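Enquirer: Build me a model from this:
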Amino acid sequence: MDDDSNPPLMATYKHLFDTHPHRLDAGDRTNDHDECDLPVIDLASLGEEQCRATIVRAASEWGFFQVTNHGVPQALLDELHEAQVGIFRRPFERKVRKPLLDFSPESYRWGTPTATCLEQLSWSEAYHIPITPASESETAGDKIRLVIEQVSSAMSQLAHQLARILIGGLPGDEDDAEMMTRCTRNTCFLRLNRYPTCVAASSAFGLCPHTDSDFLTILHQDSVGGLQLLKAGRWLAVKPNPGALIVNVGDLLQARSNDLYRSVEHRVMTSAARERFSMAFFLCPSYNTLIRPRCTGDPPLYASFTFGEYRNKIREDVRLTGRKLGLQRFRLQVQGGLL
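Expert: Numbers count the residues shown, from 1 in each chain. Model prediction:
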């Protein structure tokens, strides 16, 4: 779609295409035969030990998995998708100047202001929505606010269920219940994403390669596809599954698990033919939450840090280098070398 709803991505970042020519290699743009079959876990049997063990194994081996019978009504997800399409169809100037509902003006974001080369540019727009409870008066008169509230509540409940299972699968007998209470509706957020069509699809990412800086992410994507993850040095496409939600481990859970679970690098590819929509829920703790590797017998691989310290270091690195370094900043040295 090329109308007044699109952010001026090409006009803003044309200098990167002109001065930093870069074309993604044919082998880098995953073809159909490179699609991966993510583990699919039926949460209808969540109370059984085998189901919980499968979740732990998938987080350890893949860092990504899919869940069905997850408790988030499909009709609700469809309703949010319909509302999301309408939100992004609004004129760009309106999206920039008029906040969505009762959210701050900064909730709307597009492109990558810090990008100095095409590898750092994300060809996308998004709304970052804090999960703060809305009052009855706020939801009563606005259908969009109500559906966002309902989806946020359902996603939060699912994320806490899965996080408790994964933390319960770590070695030792330490009680992590208190840590999960720090992941509240005031600290987590929802992100609505749109990836416009891109005439230079062979030269730009929809979302550049990254890991998530949270405990756990739950993703609902449309049927267009484009999500890829890095496994054994190879980029693999995640085939859309209409009846499933995608779950992936974040940096905080990798550090807490002492690398038992993996926060896997992933990205979104652009398309010259079709726009893509997705919605993600991020399970985040309060900034003063201490992340300390939980291990028995093995040495800790990371220094302890608070979530606030982690976020500040990410911002500093992005400002200075243009990219996130993440967990590398907190990895411990042993016998003169990095673990």
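Enquirer: Can you tell me the element residue 75 falls in?
Expert: Using DSSP states H and E, residue 75 sits within helix 74-88.
Enquirer: Next: residue 218.
Expert: Going by DSSP H and E, residue 218 is in strand 216-221.
Enquirer: Rounded mean pLDDT for whatever helix or strand comes next after that strand, please.
Expert: Using DSSP H and E, the helix or strand that follows strand 216-221 in sequence is strand 227-231. For strand 227-231, mean pLDDT rounds to 95.
Enquirer: how big is the angle separating strand 227-231 from strand 216-221?
Expert: Between strand 227-231 and strand 216-221, the angle comes out at 140 degrees (axes from the mean of the first three to the mean of the last three C-alpha atoms, to 10 degrees).
Enquirer: re earlier: any idea how far the helix holding residue 75 is from the middle of the chain?
Expert: Its chain's average C-alpha position is 18 Å from that of helix 74-88, according to C-alpha atoms, centre = their mean, to the nearest Å.
Enquirer: between the helix ranked longest in the chain and helix 74-88, what angle do the directions make?
Expert: The residue-count maximum for a helix in the chain (DSSP state H) belongs to helix 143-168. Our comparison of helix 143-168 with helix 74-88, counting by the same axes, to 10 degrees, yields an angle of 120 degrees.
Enquirer: now the strands: where do they sit in the stretch 51-200 of the chain?
Expert: 64-68, 108-110, 125-130, 189-195 (DSSP state E, counting those that start in this stretch).
Enquirer: With distance to residue 329 and mean pLDDT as new columns, can these be given to me in JSON lines?
Expert: The C-beta positions use only the backbone N, C-alpha and C, and glycine is treated the same way. Converted to JSON lines, the strands of the stretch 51-200 of the chain look like this (distance: least, C-beta to C-beta, whole Å; pLDDT from 0 to 100):
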{"stretch": "strand 64-68", "distance to residue 329": "23", "mean pLDDT": "98"}
{"stretch": "strand 108-110", "distance to residue 329": "24", "mean pLDDT": "96"}
{"stretch": "strand 125-130", "distance to residue 329": "23", "mean pLDDT": "95"}
{"stretch": "strand 189-195", "distance to residue 329": "23", "mean pLDDT": "97"}
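Enquirer: that's a strand at residue 236, yeah?
Expert: Yes. Residue 236 sits within a strand when classified using DSSP: H, G, I helix; E, B strand; the rest coil.
Enquirer: Now do the contacts for it.
Expert: By C-beta atoms under 8 Å, 6 or more residues apart in numbering, residue 236 lies in contact with 30, 34-36, 228-230.
Enquirer: Quick check: the farthest pair among those residues?
Expert: 35 and 230 (14.4 Å; C-beta to C-beta).
Enquirer: before we move on, back to that, would a markdown table of the strands of the stretch 51-200 of the chain with distance to residue 210 and mean neighbour count be doable?
Expert: Formatted as a markdown table, those follow (distance: least, C-beta to C-beta, whole Å; neighbours: other C-beta atoms under 10 Å):
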| stretch | distance to residue 210 | mean neighbour count |
| --- | --- | --- |
| strand 64-68 | 14 | 21 |
| strand 108-110 | 14 | 19 |
| strand 125-130 | 13 | 19 |
| strand 189-195 | 13 | 22 |
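Enquirer: want to try JSON lines for these, with distance to residue 325 as columns?
Expert: Listed next are the strands of the stretch 51-200 of the chain as JSON lines, based on distance: least, C-beta to C-beta, whole Å:
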{"stretch": "strand 64-68", "distance to residue 325": "22"}
{"stretch": "strand 108-110", "distance to residue 325": "21"}
{"stretch": "strand 125-130", "distance to residue 325": "22"}
{"stretch": "strand 189-195", "distance to residue 325": "22"}
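Enquirer: Which of the contacts of residue 236 sits closest to residue 180?
Expert: When those are ranked by distance to residue 180 (C-beta to C-beta), residue 229 comes first, at 25.5 Å.
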